[in-house]
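> Sequence and predicted model, in that order:
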Amino acid sequence: MTRPAIRNRSTQDSSSSRAVTSIGAPDSPKPVPTPPRPKPAPPATVLGYSPFPIDVDARQFGLTTSTMRLKGGTVLVRHGRRSDSSTATILLHGAAGSWTTWTPLLQAGDATARELTDLIIPDLPGWGDSPAPADASKLGVESMAELVADLARSLGYERWNVVGHSMGGFIALQLAASETRATASVGLVSATSFSIIDSVRHPIRRFAVLPAFTALLLTMRILRVAGPIGRGLVRAVAGLGLLRRLVSPLFSRPSAIDATVVAALGTEVRPVGFVLAADRAGSYDAATTWAQIRCPVRSVHGDQDVFVTAADDERMLAAISTCRISTIPGAGHFSQIERPLEVLIRLEFAAPLPNTCAEHVLGTC
């Protein structure tokens, strides 16, 4: 998997602000300064569980907020840390998320001198600060992938490493299948896949496979029909302090999640968008489409992820010949929040993983 460029901000700033002086005779040559290098990755457990809050200030990360009016709709995007590379690092959030769900990952990178560059982090249409398009057909997986490609090219990039969480993983894989030359690599964080598709198509028959998702989808369908009453109910639940309990299945240790994470999820509870995303997934031919992918694909998910099953891993490996999968201990569905440094390492932003056979990944060899 091709790694995005990584620069050490603190080391570079300090080295560029001081003159290098020689020691010894006046005519002795000045030593050549050693280029800054990323620090070795500490064990992922050093940062602990859910070590960072959600941060809504893009400027804290050296990012610019822009409104992009594209063919597929209007998108607000956080971007920046530009280098001389023509390859972007695109981070795609999931349903009930926004660009801010990636801020713990950025903080983990900065804390370990692994600052990611050439970032493009959009709020997908209908989520975060991006308005939903008037034409609901533009919210399909294929249309979303086209919009992301248009966004990257509009910002001056020819290629990209794309990382998607949950629903964003769906879009990342579609992007890799439709843009085989431009997509350098795919990273998946708790990507929803085959079991979600089956559960949307057959909610009663498949209830036992992903009960948490099926129950959540049913709730969202009810809230969508309720309209303003449903939105008021969500606000009331948040006001009573019950939201943490409701989102607890999504996390390995819900009591340890920062309050900003819970608040962000409450803000992004959008029943109409969630149901539309689920329905689009239910009609998607994943196996046929993903078989077209040629770039490296690295998939990670928590060992307590209620939306991903062992069967999903098997089917993903069968569909995508370039895929490698690993699990993150002590994480649920939001690994980039729960174990952000571990995600960085597993996706090879920080350090490569050995190529392992599918049987080893599944623990059968």
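Good, I have the coordinates.

> just the strands in the chain please.
For the chain, strands defined by DSSP state E occupy the ranges 6-7, 63-70, 73-80, 87-92, 115-116, 119-122, 159-165, 183-189, 297-302, 323-328.

> so what does the fourth one touch, helix or strand wise?
This points to strand 87-92. Secondary-structure packing of strand 87-92 (3 or more C-beta pairs under 8 Å, 6 or more residues apart in numbering; DSSP states H and E): strand 119-122, helix 141-154, strand 159-165, helix 167-178. From N, CA and C alone the C-beta is placed, and that goes for glycine too.

> now with 10 Å?
Strand 87-92 makes packing contacts with strand 73-80, strand 119-122, helix 141-154, strand 159-165, helix 167-178, strand 183-189 when contacts are defined by 3 or more C-beta pairs under 10 Å, 6 or more residues apart in numbering; DSSP states H and E.

> next one: the second one
Counting by 3+ C-beta pairs under 10 Å, 6+ apart, the packing neighbours recorded for strand 63-70 are strand 73-80, strand 119-122, helix 141-154.

> returning to what we had before: residue 336 is nearest to which of the strands of the chain?
strand 183-189 (5.2 Å; C-beta to C-beta).

> what about stretch 200-214, average pLDDT?
For stretch 200-214, the mean per-residue pLDDT is 74.

> meant to ask about stretch 133-149, not that
Taken as a whole, stretch 133-149 has a mean pLDDT of 88.

> on that earlier part again, so which of the helices and strands packed on strand 63-70 is the most packed in?
Compared across the helices and strands packed on strand 63-70, strand 119-122 shows the largest average neighbour count, a mean of 25 (mean count of other C-beta atoms under 10 Å).

> returning to what we had before: take the helices and strands packed on strand 87-92 and lay them out in JSON lines including distance to residue 326.
Formatted as JSON lines, the helices and strands packed on strand 87-92 follow (distance: least, C-beta to C-beta, whole Å):
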{"stretch": "strand 73-80", "distance to residue 326": "28"}
{"stretch": "strand 119-122", "distance to residue 326": "24"}
{"stretch": "helix 141-154", "distance to residue 326": "25"}
{"stretch": "strand 159-165", "distance to residue 326": "15"}
{"stretch": "helix 167-178", "distance to residue 326": "15"}
{"stretch": "strand 183-189", "distance to residue 326": "11"}
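
> ok, residue 165 touching residue 188?
Yes - using C-beta atoms under 10 Å, residue 165 is in contact with residue 188, at 8.1 Å.

> where do the contact lists of the two overlap?
Taking C-beta atoms under 10 Å, 6 or more residues apart in numbering as the contact rule, residue 165 and residue 188 both touch 172, 301.

> residues touching the closest residue to residue 92 other than its chain neighbours, list them.
Among residues not flanking residue 92 along the chain, residue 168 sits closest, at 3.2 Å (C-beta to C-beta, 6 or more residues apart in numbering). Each residue near residue 168 by C-beta under 10 Å, 6+ apart is listed here: 90-95, 97, 101-102, 122, 124, 127, 144, 148, 162, 188-192.

> Just the pLDDT at residue 168, thanks.
94.

> Where does pLDDT dip in the stretch 101-250 of the chain?
Where the stretch 101-250 of the chain drops to pLDDT under 70, the residues are 207, 217, 220, 223-224, 226-243.

> re earlier: nearest to residue 275, of the helices and strands packed on strand 63-70?
Here helix 141-154 is closest among the helices and strands packed on strand 63-70 (C-beta to C-beta), at 14.8 Å.

> what's the spacing between that closest one and its chain's center?
A distance of 16 Å separates the centroid of the chain from that of helix 141-154, by C-alpha atoms, centre = their mean, to the nearest Å.

> could you give the angle of that helix to helix 167-178?
If you take axes from the mean of the first three to the mean of the last three C-alpha atoms, to 10 degrees, helix 141-154 sits at 80 degrees to helix 167-178.

> what's the angle from helix 141-154 to strand 87-92?
140 degrees.

> Mind giving me the packing neighbours of helix 141-154?
strand 63-70, strand 73-80, strand 87-92, strand 119-122, strand 159-165, helix 167-178, helix 271-282, helix 286-290.

> which residues sit against the last one?
Outside helix 286-290, the residues that touch it by C-beta under 10 Å, 6+ apart are 141-142, 170, 173-174, 176-178, 186, 193-194, 196-197, 284, 297, 315-316, 318-321, 323.

> redo that, cut-off 6 Å
Helix 286-290 has contacts (C-beta atoms under 6 Å, 6 or more residues apart in numbering) with 173, 177, 319-320.

> buried ones in it?
The neighbour-count check on helix 286-290 (16 or more other C-beta atoms under 10 Å) flags 286, 289-290 as buried.

> Please apply the same query to the first one.
With burial defined by 16+ other C-beta under 10 Å, the residues of strand 63-70 counted as buried are 63, 65, 68, 70.
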